[in-house]
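# Let me see the structure of the following:
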Amino acid sequence: MNRSRSLLHATLIGALAAFGLFAACCGNEKAKAPAAPAPPPAPVISPAALAEATEIFTTRCGACHGKEGRGDGPAAVGFNPKPRNFTDASWQTSVTDDHIEKIIVYGGAAVGKNPAMPPNPDLMAKKETVSALRAHVRLLSSHR
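Presented below is the predicted three-dimensional model:
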């Protein structure tokens, strides 16, 4: 009987040891969430679209937003509220690229902002130029 009891104890101890090893190897590992898919690469904007965006910003946007995007263009003198200051880092982080592109194409009223910001319906079919304008606005935050 002692031999049976010893064999039973040895079996139980072996089983517990095996369970402990299993738990140490597998059970304590934190569940890993599946890796988030990588964001799609930024679209390449052609030199022609960049040139067009620069011209549009200078001729249309700069009058109110200013050459450097500070909201201090010559036409902004009488505006209340003043045009958006694109160099404001807190604003830059508060808006999405889609939001900026929507304002560019549909104007301020389309997003509940000042209707004095006019729409640019001629850009609806020029998605690459709109992307280039948005990229230009984003780059202005680094020119403080």
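# Tell me the first helix or strand C-terminal of the helix or strand of the chain with the lowest mean pLDDT.
Least confident helix or strand of the chain, by mean pLDDT, DSSP states H and E, is helix 2-22 with a mean of 46. Following helix 2-22 in sequence order, the next helix or strand is helix 47-56 (DSSP states H and E).
# I would like the residues contacting that following helix, please.
By Cβ atoms under 8 Å, 6 or more residues apart in numbering, the residues outside helix 47-56 that reach it are N120, L123, K126, E128, T129, S131, A132, L133, A135, H136. For the C-beta atoms, the positions are set from N, CA and C on the backbone; glycine is no exception.
# Those residues in helices, which ones?
E128, T129, S131, A132, L133, A135, H136 (DSSP state H).
# Which of those sits closest to G108?
L133 (14.9 Å; Cβ to Cβ).
# Out of the ones in helices among the contacts of helix 47-56, grab the one that's most surrounded.
Using other Cβ atoms under 10 Å as the neighbour test, the ones in helices among the contacts of helix 47-56 are led by L133, with 27 neighbours.
# pLDDT at that one, what is it?
In the prediction, the pLDDT value recorded for L133 is 98.
# how near is it to N80?
25 Å (Cβ to Cβ, to the nearest Å).
# Make sure A76 is actually in contact with G66.
Yes - contact criterion Cβ atoms under 8 Å: A76 and G66 qualify, at 7.1 Å.
# The helix or strand encompassing R138 vs helix 47-56, what angle?
Under the criterion of DSSP H and E, R138 resides in helix 127-139. Comparing the axes of helix 127-139 and helix 47-56 via axes from the mean of the first three to the mean of the last three Cα atoms, to 10 degrees yields an angle of 60 degrees.
# Keeping just the C-alphas, turn stretch 127-140 into CSV.
This file holds the C-alpha atoms of stretch 127-140, laid out as CSV (Å, rounded to 0.1, in the frame of the first residue of the first chain):
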residue,chain,number,x,y,z
LYS,A,127,-8.3,65.0,-56.4
GLU,A,128,-4.5,65.1,-56.7
THR,A,129,-4.4,68.9,-56.7
VAL,A,130,-6.7,68.9,-53.6
SER,A,131,-4.3,66.4,-51.9
ALA,A,132,-1.4,68.7,-52.8
LEU,A,133,-3.2,71.7,-51.3
ARG,A,134,-3.8,69.7,-48.2
ALA,A,135,-0.2,68.6,-48.0
HIS,A,136,0.8,72.3,-48.4
VAL,A,137,-1.5,73.3,-45.5
ARG,A,138,0.1,70.5,-43.4
LEU,A,139,3.6,71.7,-44.2
LEU,A,140,2.8,75.2,-43.1
